[in-house]
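[1] got a predicted model here, sequence first, then my questions.
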There are 2 protein chains.
Amino acid sequence: MSTLVQDRLRAGAFGNAVALSCRECGATQELGPFYACTECFGPLEISYDYPSITREQIEAGPANIWRYQPLLPVPADIAESPNTEPGFTRLIRAANLGRELGIDRLWVKDDSGNPTHSFKDRVVAVALSAARELGSKVFACPSTGNLANAVAAAGARAGIPTVVFIPHDLEIPKVVASAIYTNRLVAVRGNYDDVNRLASEIAGEEDGWAFVNVNVRPYYGEGSKTLGYEVAEQLGWHIPDQTVIPVASGSQLTKVDKAYQELIRLGLVEEKPYRIFGAQATGCSPVAQAFRDGHDVVRPVRPDTIAKSLAIGNPADGPYVLDVVRRTGGVVADVDDEQVRQGIELLARTEGVFAETAGGVTIGVLKQLAESGALDTSAETVVFNTGDGLKTLDAVADRVGPAATIDASYEAFTAAGII
Amino acid sequence: MSTLVQDRLRAGAFGNAVALSCRECGATQELGPFYACTECFGPLEISYDYPSITREQIEAGPANIWRYQPLLPVPADIAESPNTEPGFTRLIRAANLGRELGIDRLWVKDDSGNPTHSFKDRVVAVALSAARELGSKVFACPSTGNLANAVAAAGARAGIPTVVFIPHDLEIPKVVASAIYTNRLVAVRGNYDDVNRLASEIAGEEDGWAFVNVNVRPYYGEGSKTLGYEVAEQLGWHIPDQTVIPVASGSQLTKVDKAYQELIRLGLVEEKPYRIFGAQATGCSPVAQAFRDGHDVVRPVRPDTIAKSLAIGNPADGPYVLDVVRRTGGVVADVDDEQVRQGIELLARTEGVFAETAGGVTIGVLKQLAESGALDTSAETVVFNTGDGLKTLDAVADRVGPAATIDASYEAFTAAGII
């Protein structure tokens, strides 16, 4: 089959990407719809023949992730194919939050401005390109939320049949925000693990299905690199001293590190030491636990946290997260659900950013690390918000509300003592 | 008081703006917290001493509305003051939707990517700058939704005390999405008109309050011009033949026209004929009714529509909308709530954009105009989506959902006949 795939590929289908290489044994194989090493079953990663590229060339590109096309496994004409055009989201100076936490130079990378309001639009856009180039007939994923929204929206815009699998007992808002885009939303009796298993089964049985987070996962993952590129570019082309990133599967954190390394290698930023920190919710903190215990192996857990978008009990990239964090002198830490809620409120009150629970996790961990001294509060620090509070309203709905309910008169207003 | 205000203002506080001028009698007055003409009580508008400016200068600016700073009533250093950094949202080529409607060259300007996911972030950012320069102590608004979110978020980030007034019976999600940013949310017993009246009363009684849509309204309104600038720039510096814009107060439509006129005047685009179309929901369509009747006066109505963000029964800029639409050869039309829902679904299914009800209105009207021949289907057309479907889930919640609910097995999946 692999030769057939190669024969079908057009020249430059994957841009400057040249091969898939195993993250465990280093064996390489040709580009195709593959995700496991044929030698050792290790996970595959994209390798590139890196081009020479200048800051000016990048800055002349579109205000979305395709400005980094030469560093992604997508064709040079990617911007011409219908896609959701995600990325180049706000990096805002967070002086108020910094003051609150005693951090001198703090920035928030706010990915809620993406088309379906999470960073998933980035990875899905790259997976969509791979699906298109591989001639996939169906675009699909198992998901409980953000990924479902992103895949359904991207598939609709690309005009490719899209099938999204969700647990049958998902909250109505999450169902609506996916079903609006596709008439092939499938509810599965069971929990997320059951849904995931079914997806893998279908991927094995059916030809031509691109499950974004299963068989085109190596391409998909590369989309997260754009977060790292953007942070560096938006800071004026340098890598921040410290970056605080949420950990679900762990892929995003490792890809931001990969992005920083690439920028150095390409001479787009100066080489410098930097530290990467991982953030988990205590109710699903297998990587933080392994970090604390000094282990290389991540022991799976059964998730129990309000931060559902981070609730992966057996994170595929957990060991690689430990590698990156230890190599760069960072920490993986966790906060409980009450601290997650406080983190959401703190970010909203200080910077006007309404994060989903995952953002509450990173803010909570940032606070903890600043207080414990694990984070250098005098160093330039970037913290990620990867999702949108409108999707996880329940987390804070019973904590915030009107200060007063008054009659519609000036007297009633002054009597209420609002200000 | 006005002299005191002038004395307090720093040089360049309002950029290239030079005066407030009456839209009715043309009388001018100095810049300050004024919104009604001292001669005739007509609405005031910002006048500029227009600079020379090139496309290259604009393109070198930030990827937000401040790239157009020289054309807004804000200081040259606006980007240094904490604000939500809205704008430069996606303009996507809508080939699928165009095919569906028989429109050859169609684009969607999607303002749901703004910080609080509506175009209100644009106008609020400009109002915030005015409040800051005028030395206002309090930043405030009456609102039922998008404006409340935008004001509360911007005020939090700017660190200015913010008071937001809402009707007491608002839906919980809308309350939460404002209350998360401010502990000075005030629920008022009554409907939106009562809340609005109270706001005007407070604006009259209290010194130093900046009500974004009351006493700093002339500045606020200018923020909508950025939608017009962006559309022209993103099309490669030309004005589209046809633009379809929702009409609530009508301000946005008139400001997009103002933006197009300014771009022509400044030589940034070529002069050409263009048509502007207004879109209303039938349940609140006083401007569409006046257009059909050939009247210059807009007769107020009591709103009854699911498109609540457009439900202004007595639109302040209604007569000016009629002027612009008639001058440019456009139409103001309306669609009923069922067509609004269909419009939301159509845009989501074809382009992966989940619009709020206001976007359903513009898509519904676009469809109607294309079918009736009122719109030239061979001309380049831009349609606006100004808000986010996540905020108006109820409009479509009972219309979309899973295609099937199945057991977690491959057999169950194939038996369901999904694809």
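    Here it is on my side, so go on. Small disclaimer: the values here were computed from a predicted structure and weren't measured.
[2] now do the strands in chain A.
    Applying DSSP state E to chain A gives strands spanning A:17-22, A:28-29, A:44-48, A:91-93, A:106-110, A:138-142, A:162-167, A:185-189, A:209-211, A:242-246, A:275-281, A:332-335, A:381-385, A:404-407.
[3] and the second one, what does it pack against?
    Using 3 or more C-beta pairs under 8 Å, 6 or more residues apart in numbering or on different chains; DSSP states H and E as the contact criterion, the secondary-structure elements in contact with strand A:28-29 are strand A:17-22. For every residue, glycine as well, the C-beta is placed using N, CA and C.
[4] the fourth one now?
    Counting contacts by 3+ C-beta pairs under 8 Å, 6+ apart, strand A:91-93 is packed against strand A:106-110, helix A:225-234.
[5] who does the first one pair up with?
    Each strand that pairs with strand A:106-110, with its direction, by DSSP bridges: strand A:91-93 (antiparallel), strand A:381-385 (parallel).
[6] quick revisit: just put the strands of chain A in CSV and tack on mean neighbour count and mean pLDDT.
    Compiled in CSV, those are given as follows (neighbours: other C-beta atoms under 10 Å in any protein chain shown; pLDDT from 0 to 100):
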stretch, mean neighbour count, mean pLDDT
strand A:17-22, 19, 97
strand A:28-29, 16, 96
strand A:44-48, 20, 97
strand A:91-93, 19, 98
strand A:106-110, 26, 98
strand A:138-142, 27, 97
strand A:162-167, 25, 96
strand A:185-189, 22, 96
strand A:209-211, 26, 96
strand A:242-246, 27, 98
strand A:275-281, 28, 98
strand A:332-335, 28, 98
strand A:381-385, 29, 98
strand A:404-407, 16, 97
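[7] mind putting these into CSV with distance to residue A:228?
    Below are the strands of chain A laid out as CSV (distance: least, C-beta to C-beta, whole Å):
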stretch, distance to residue A:228
strand A:17-22, 17
strand A:28-29, 24
strand A:44-48, 15
strand A:91-93, 12
strand A:106-110, 10
strand A:138-142, 23
strand A:162-167, 28
strand A:185-189, 32
strand A:209-211, 25
strand A:242-246, 8
strand A:275-281, 10
strand A:332-335, 18
strand A:381-385, 10
strand A:404-407, 45
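[8] what about residue A:42, how many neighbours?
    16 (other C-beta atoms under 10 Å in any protein chain shown).
[9] what's the separation between it and residue A:34?
    Relative to residue A:34, residue A:42 is positioned 12 Å away (C-beta to C-beta, to the nearest Å).
[10] kindly report the same for residue A:320.
    With C-beta to C-beta as the criterion, residue A:320 and residue A:34 are 19 Å apart.
[11] compare those two and say which is more crowded by neighbours.
    With neighbours defined as other C-beta under 10 Å, residue A:320 and residue A:34 compare such that residue A:320 has more, 23 against 18.
[12] now do the same for the nearest residue to that one once chain neighbours are set aside: its pLDDT.
    With sequence-adjacent residues excluded and distances taken as C-beta to C-beta, 6 or more residues apart in numbering or on different chains, residue A:320 is closest to residue A:254, at 4.6 Å. With respect to pLDDT, residue A:254 scores 98.
[13] tally of neighbours for residue A:254?
    Other residues close to residue A:254 by other C-beta under 10 Å number 27.
[14] wait, what's in contact with it?
    With contacts defined as C-beta atoms under 8 Å, 6 or more residues apart in numbering or on different chains, residue A:254 is in contact with A:317, A:320, A:321, A:323, A:324.
[15] can you turn the buried part of those into a PyMOL selection?
    Buried members of the contacts of residue A:254, defined by 16 or more other C-beta atoms under 10 Å in any protein chain shown, are picked up in PyMOL with:
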select buried, chain A and resi 317+320+321+324
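[16] looking at the contacts of residue A:254, which is nearest chain B?
    residue A:317 (25.1 Å; C-beta to the nearest C-beta).
[17] which residues does the closest residue to the closest one other than its chain neighbours contact?
    Leaving aside its chain neighbours, residue A:317 sits nearest to residue A:250 (3.3 Å; criterion: C-beta to C-beta, 6+ apart). Residues counted as contacts of residue A:250 (C-beta under 8 Å, 6+ apart) are A:278, A:287, A:315, A:316, A:317, A:318, A:320, A:321.
[18] now residue A:250: how far from residue A:290?
    11 Å.
[19] list residues touching both of these two?
    Going by C-beta under 8 Å, 6+ apart, residues that sit against residue A:250 and also against residue A:290 are residue A:318.
[20] starting at the chain centroid, how far to stretch A:234-246?
    Here the centre of stretch A:234-246 is set off from its chain's centre by 15 Å, with C-alpha atoms, centre = their mean, to the nearest Å.
[21] equivalent analysis for stretch A:297-310, please.
    Counting by C-alpha atoms, centre = their mean, stretch A:297-310 comes out at 16 Å from the chain centroid.
[22] what about it, start to end distance?
    19 Å (C-alpha to C-alpha, to the nearest Å).
[23] pLDDT score for residue A:1?
    Reading off the confidence values, residue A:1 has pLDDT 42.
[24] what's the answer for residue A:161, then?
    Here the pLDDT value assigned to residue A:161 is 96.
[25] contacts only, for the residue most central in space within chain A.
    In chain A, the residue lying closest to the centroid (C-alpha atoms, centre = their mean) is residue A:119, at 4.6 Å. Residue A:119 is in contact with A:111, A:146, A:224, A:227, A:252, A:384, A:386, A:387, counting by C-beta under 8 Å, 6+ apart.
[26] just give the nearest non-adjacent residue to the first one, would you?
    What that stands for is residue A:111. Here the residue nearest residue A:111, using C-beta to C-beta, 6+ apart, is residue A:119, at 4.3 Å.
[27] and that neighbour, how far from chain B?
    14 Å (C-beta to the nearest C-beta, to the nearest Å).
[28] go through the contacts of residue A:254 and say which is closest to residue A:294.
    Nearest to residue A:294 among these: residue A:323, at 13.3 Å, using C-beta to C-beta.
[29] so who does the spatially closest residue to residue A:95 that is not a sequence neighbour touch?
    The shortest distance from residue A:95 to any non-neighbouring residue, by C-beta to C-beta, 6+ apart, is to residue B:82 (6.5 Å). Shown in contact with residue B:82 (C-beta under 8 Å, 6+ apart): A:93, A:95, A:96, B:157, B:158, B:159.
[30] if we use 7 Å, what do you get?
    Residue B:82 makes contact with A:95, B:157, B:158, B:159 under the criterion C-beta atoms under 7 Å, 6 or more residues apart in numbering or on different chains.
[31] give me the buried subset of those residues.
    So, by 16+ other C-beta under 10 Å, the buried ones in the contacts of residue B:82 are A:95, B:157, B:158.
[32] closest one to residue B:47 out of those residues, please.
    Closest to residue B:47, out of all of the buried ones among the contacts of residue B:82 and judged by C-beta to C-beta, is residue B:158, at 26.2 Å.
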